[in-house]
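Got a sequence here, can you model it:
(one chain, ligands or ions: 1)
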Amino acid sequence: MPLDPARTVAELRELRELTGDESGAQRVAWTETWERSRAWLRDKLDGLPLAYERDEAGNQWWTLGGESDRAVLLGGHMDSVPNGGWLDGCMNVLGAVEVLRRIAEEGTPPVTVRLVDWADEEGARFGRSLFGSSAASGTMADQDELRNRTDADGIRLEDALREHGVDLDRALDAHRQLESAAAYLELHIEQGPVLESLDLPAGAVLGTFGVERWQITWRGQAAHAGSTPMDKRRDALAGAAKLALEIRDVAAHAGGGAVCTSGGVVCKPGIVTSVVETAVQLLDQRHLDADTLATMLREAREASERFAAEEDVEVEWEQLWSIQPILFDERLVELADESVREVAGQSHRLPSGPLHDAAEVARAGVPTVMLFSQSLRGLSHTKLEDTKPEHIELAVQALDRLTSKTIALVAAS
Ligand SMILES: [Zn+2]
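The predicted structure is shown next:
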């Protein structure tokens, strides 16, 4: 059976009917709808010569045995955010299903090929993203904290997982799944506007951005809005406001797709008749290069100290979270770029702002790459998420080419 990318589009529509409503996709992990989507996926793969397994972290695996045990992995996730889009995560899985059908039809491949449907990529119910892939990669180190997490109804994560056959204490045993992995490939929608702005259907992903998240507290003096002259004020909001604008220059100076966001400022006392005494500001900075990210952080901090002096206020920085940039495998990026060019005539290499399961697999030391397909209007995590059917088909063709090239690379090494 030759590759039939139109079938992927038809199956994605079928899945949307089965697990979505008028507000969008409802395949939130550890729910009945999610299980229904996963059972539907198992039905789709029934009849192919694949070994099926559900691992300790709840990830689903299908294995097409090859002449060698060394495995090329294709991955995605069936779970969605509530009111999500029809493509995020499941386009990867169904594209890979199509590639697997083609390879299985041709007989025993030179290396083993496996499909993985990661459990709970989105973290929508318990606020913990990349559950299954971080268990497999071995980076999951927050077991004790996870145990006590609850959802909006007060149900504990540990109990919800048990209902779906996952014992939190054994989740890390999923690591054995990566022992034979020689490469990991993941197709995904871009979830941003870059490819659309370049009028390109697909691109090769260089890696995922490093992230620095900080909370910045500005402290001035509350004072009467009527009686305090302008030159006598110690206005905490003034510092935060200057920094919120300064980070645009920080990002522009860094280049290479750098982004800086001041996602919120909470002021106290927060009344119309008082100068702001404290302003608590949130900052998120991202870049693909670790040194550049460090420079961005330093520049923002230095600017904040300058503004604090100018406004006669105090400033204090507290780190909320950070992650290093994760670069994908250079040879695989080359093959991904080549695959896109072969099917679309032109390609583009771009970093990923969002994290993906692929980043976890790369952290585990498995050579990894992603392909992005164009997202219309750059929208995702909403029912408005969309990609033209012909671009989905092209992306599946590119994944097919990339898989063949990667199999050849692994077989020859
Ligand atoms: Zn996703």
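
Tell me how many other residues crowd the closest residue to the ion within the stretch 151-300 of the chain.
In the stretch 151-300 of the chain, the residue that lies nearest the ion is His188 (5.8 Å; C-beta to the ion). For the C-beta atoms, the positions are set from N, CA and C on the backbone; glycine is no exception. Look at His188: counted by other C-beta atoms under 10 Å, it has 27 neighbours.

Same check on the one 3 residues further on?
A count of neighbours around Gln191, defined by other C-beta under 10 Å, yields 19.

change the start of the numbering to 25 and stick with it
New numbering, starting at 25: the last item is Gln215.

Tell me how far it lies from Val339.
33 Å (C-beta to C-beta, to the nearest Å).

Next, the buried residues of the lengthiest helix in the chain.
Ranked by residue count under DSSP state H, the longest helix found in the chain is helix 413-436. Of all the residues in helix 413-436, those buried under the rule 16 or more other C-beta atoms under 10 Å are 415-431, 433-435.

for the ion, what are the nearby residues on the stretch 25-174 of the chain?
Asp112, Gly113 (C-beta under 5 Å from the ion).

what sits against the residue lying closest to Asp28 once chain neighbours are set aside?
The spatial neighbour of Asp28 that comes closest, neighbours along the chain excluded (C-beta to C-beta, 6 or more residues apart in numbering), is Glu122 at 6.6 Å. Applying C-beta atoms under 8 Å, 6 or more residues apart in numbering, we find Glu122 in contact with Leu27, Asp28, Pro29, Arg31, Thr32, Val420, Asp424.

10 Å instead?
For Glu122, the contact set (C-beta atoms under 10 Å, 6 or more residues apart in numbering) comprises 25, 27-32, 35, 68, 417, 420-421, 423-424.

Flag the least confident of the residues you listed.
Within the set of those, pLDDT is lowest for Met25 (66).

Could I get the buried residue list for the helix or strand harbouring Ala324?
Assignment of secondary structure by DSSP states H and E places Ala324 within helix 314-335. If you call a residue buried by 16+ other C-beta under 10 Å, then helix 314-335 has these buried ones: 316-317, 319-321, 323-325, 327-328, 331-332, 335.

What's the first helix or strand after it?
strand 338-347.

how about the nearest residue to Pro225, chain neighbours excluded?
Leaving aside its sequence neighbours, Pro225 sits nearest to His415 (C-beta to C-beta, 6+ apart; 4.3 Å).

right, I mislabeled it, should have said Asp93
Ser204 (5.2 Å).

The one you found and Arg94 touch, don't they?
Yes - taking C-beta atoms under 10 Å as the definition, Ser204 is a contact partner of Arg94 at 6.0 Å.

still on that earlier bit, which SSE is the residue nearest to Asp28 in?
Going by DSSP H and E, Glu122 is in helix 114-129.

quick one, that helix and helix 413-436 angle?
50 degrees (axes from the mean of the first three to the mean of the last three C-alpha atoms, to 10 degrees).

continuing past helix 114-129, what's the next helix or strand?
strand 135-141.

Just list what that next one packs against, helices and strands only.
helix 56-69, strand 75-78, strand 84-88, strand 92-100, helix 114-129, helix 155-161, strand 205-213, helix 413-436 (3 or more C-beta pairs under 10 Å, 6 or more residues apart in numbering; DSSP states H and E).

May I see the buried residues of the one helix or strand in the chain whose mean pLDDT sits lowest?
Least confident helix or strand of the chain, by mean pLDDT, DSSP states H and E, is helix 167-171 with a mean of 87. Neighbour-count burial for helix 167-171, counted by 16+ other C-beta under 10 Å, picks out Leu170.
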